[in-house]
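A.B. asks: Just need the structure, nothing else, for what follows:
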Amino acid sequence: MAENEPEQKTDTHRQLIEKIYSAAMDPAGYTNIVQAWDAHFTAVADRVTADEDGNFDWTQEFLGHFEQAGQIFDRLDLTASETLTEQVRAMQNAAVLVGTDGRAFCTNSAAKSYLGSVEGKFLIDLAYDQPSREALNVLMQSTRSPLPKGTRIRRIVRLLPEHGEVTKIFVADLARDQTDGSPVVFIRSVEDRWHDSVRPMLQKSFGLTDAEVELVKSLQLGATIKEVSRSRKRSPATLRTQLSAVLGKMGIHSQVELARIVSGLIDGLTNSAVTENRALPGATRKLAPNQRTYSIELSGGETVQIAESGDLSGLPFYLIQTTTWPTLTDQIVQSLANSGIRLISAFRSGSGETSRLPTTMTLDELSQYHLNIVSHIGLERPLIGGQCSGGIYALALAKLMKAEVSGVLLVDTGAPLQTFSMINQMPLAPRRLFLAARYFPSVLRTPYKMALKDFYSGPDGEERGVQYFVDGSPHDQGSVSDPAIWRVVRDNFDYVMRNWEQAIQDVIFWSSDTSELLSDVIESTPVTYLQGAENLLFPPRFLHDLKKQFPSIQISVVEDEAQLLIYRRPDLFSSTIHQAATQR
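C.D. replies: Sure, this is the predicted structure:
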């Protein structure tokens, strides 16, 4: 057996590699290709038990597999399959596209089975009631006049089926057809879905009991009172009384209004329109009294939109935003104000009024870019910082500014990844990403392209995208059940997918060995790490090892928190900023 073992391993690798290439030929096989990569990584990594002086004999082999898969994927015609028409046809729930003339020009099989043959017909004629007709009129009028970039128009409507009297709830969005850029109305049914976070929202907002929420859920999923009566062994009269109590608590008068409210909640939690009109986080949101935005133009001609949050005359903290994190919630902004912190941040590349940065910029070029912003604003000895890969950029900026900064705050940035074993301890999904970024970054285009298609394929793909951010972290997976945190993570993933080439650059810098950069900064600048103890990407033990090497580093490890720390503990985030900004 010993003599045949190498040959058997080779056969296993060939089978896994073939599976990778087969999956790459089918863009819809995103899950399959990820599983194939994972299986191959596990098979190869099992042979590597130590760093072997930094020489990994499998690197070139693995690089070849990723590159070949990427070349195959690049040869696919992605343009047609990324149109709204293709996405509508692939959706499981009923979906319809309506042109500027008000006529439906694309319906999927689910819509045809429910609404009948509506292509070529005016969709407004199928509206069940006057509010639905008015909502569709608003959307149709919007297709005929240009809207400011970032504007989002969404309406909840009810459509009457071809046969029968049972109506369905639909979400209607203003969107664009990627084929020619023309405006369309994108309509899809939502009543056959439920989100667990609706339960606490209904109970907290309207005081519904568990039994009342169960009734709402059953009705939302399409059951009739008679069907609920049979399944719950309750009389129809009792259930109608219970429904009346629900309507009374919510201040509404009909089951139609109930369906509108619940459908809007569910759609906000679980789905989003595939449209370039969708507002990015912070782009069009109404500013609170403790926030302001303005634009500046740098010497190189780049336009940069700046947002300031918190105490607008407080201690300055310059935060570098990357593709991944963070989005500042209202809770964070209020905590900043309470702590006397003036957080200054440039909008993410390409959003708002900010010019899109080249994705080929080096770390030195990025640090010079942020130095120009800091100099233009006129900040004197500010604290600077960043989260995840933004922390790497903050270190590079601190190296340029030296004694001109009061300190550096690194949130969830983690200790420099100096060895293979430090990457190998990560959960599988980020481990795969960091290995590719560190050893063969050119191949990262393939998984990002596939994740892009998967995320915009529908609710299931969006769910996979959100869960990717918290993969391998039970603590964070539990946290995203909170609707507010779910929205933050979903919107962050949405930005990443729209800017996946920039995200690749971020991960490449983040996964590199930055110990030399850190060493240069520590000579002149105080450095503070803030991290959750349950952060599985960078276990705290690596930070404690780092402190043995650099005793001046301040480390704050927060128990029972992981990567979503600043959203769950905005008060702690703000107080840590204050401490880091005032230390000397």
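
A.B. asks: how about the spatially most central residue of the chain, secondary structure?
C.D. replies: By C-alpha atoms, centre = their mean, the chain has its centre lying nearest to residue 493, at 1.9 Å. Here residue 493 is recorded as helix under DSSP: H, G, I helix; E, B strand; the rest coil.

A.B. asks: okay, it: pLDDT?
C.D. replies: Reading off the confidence values, residue 493 has pLDDT 87.

A.B. asks: who does residue 317 bridge with?
C.D. replies: On DSSP bridges, the residues paired with residue 317 through beta bridges are residue 343, residue 383.

A.B. asks: Can you tell me how far it is from residue 357?
C.D. replies: From residue 317 across to residue 357, the span is 22 Å (C-beta to C-beta, to the nearest Å). Quick note: C-beta positions are derived from backbone N, CA and C, even for glycine.

A.B. asks: Ok, residue 542 next?
C.D. replies: Distance of residue 542 to residue 357, computed by C-beta to C-beta: 30 Å.

A.B. asks: Pull the residues that contact the helix or strand hosting residue 335.
C.D. replies: Following DSSP states H and E, the helix or strand that holds residue 335 is helix 330-338. Helix 330-338 has contacts (C-beta atoms under 8 Å, 6 or more residues apart in numbering) with 288, 290-291, 309-311, 314, 326, 342-343, 484, 566-567, 570-571, 573-574, 577.

A.B. asks: Buried only: go through those for me.
C.D. replies: Taking 16 or more other C-beta atoms under 10 Å as the criterion, what is buried in the contacts of helix 330-338 is 290-291, 309-311, 314, 326, 342-343, 566-567, 570, 573-574, 577.

A.B. asks: From those, which land in strands?
C.D. replies: 291, 309-310, 342-343 (DSSP state E).

A.B. asks: thinking again about what came up before, out of the buried ones among the contacts of helix 330-338, name the two that are farthest from one another.
C.D. replies: The span of the buried ones among the contacts of helix 330-338, defined through C-beta to C-beta, is set by 314 and 567 at 21.2 Å.

A.B. asks: Can you give me every residue that contacts the residue lying closest to residue 410 once chain neighbours are set aside?
C.D. replies: In this structure, residue 410 finds its nearest non-sequential neighbour in residue 391, 3.8 Å apart by C-beta to C-beta, 6 or more residues apart in numbering. Applying C-beta under 8 Å, 6+ apart to residue 391 gives the contacts 385, 408, 410-413.

A.B. asks: Remind me which helix or strand residue 391 belongs to.
C.D. replies: Here residue 391 is assigned to helix 389-401, by DSSP H and E.

A.B. asks: Now tell me which helix or strand of the protein has the poorest mean pLDDT.
C.D. replies: helix 78-81 (a mean of 39; mean pLDDT, DSSP states H and E).

A.B. asks: how much space between residue 321 and residue 385?
C.D. replies: In terms of C-beta to C-beta, residue 321 sits 11 Å off from residue 385.

A.B. asks: quick one: which of these two has more around it?
C.D. replies: Taking other C-beta atoms under 10 Å, residue 321 and residue 385 do not tie; residue 385 has more neighbours (31 against 23).

A.B. asks: before we move on, what SS does residue 409 have?
C.D. replies: Residue 409 ends up strand, using three-state DSSP.

A.B. asks: so how far is the first residue of stretch 189-204 from its last?
C.D. replies: Start and end residues of stretch 189-204 are separated by 26 Å (C-alpha to C-alpha, to the nearest Å).

A.B. asks: can you check stretch 421-441 too?
C.D. replies: For stretch 421-441, the end-to-end distance is 19 Å (C-alpha to C-alpha).

A.B. asks: Pull the distance from it to the chain's centre.
C.D. replies: 20 Å (C-alpha atoms, centre = their mean, to the nearest Å).

A.B. asks: for stretch 105-115, same thing?
C.D. replies: Per C-alpha atoms, centre = their mean, the centroid offset for stretch 105-115 relative to its chain is 30 Å.

A.B. asks: Flag every buried residue along that stretch.
C.D. replies: 106-108, 110-111, 114-115.

A.B. asks: Closest one to residue 186 out of those residues, please.
C.D. replies: residue 106 (9.7 Å).

A.B. asks: For the closest one, give its distance to residue 189.
C.D. replies: Counting by C-beta to C-beta - residue 106 and residue 189 are separated by 15 Å.

A.B. asks: Great, nothing more from me.
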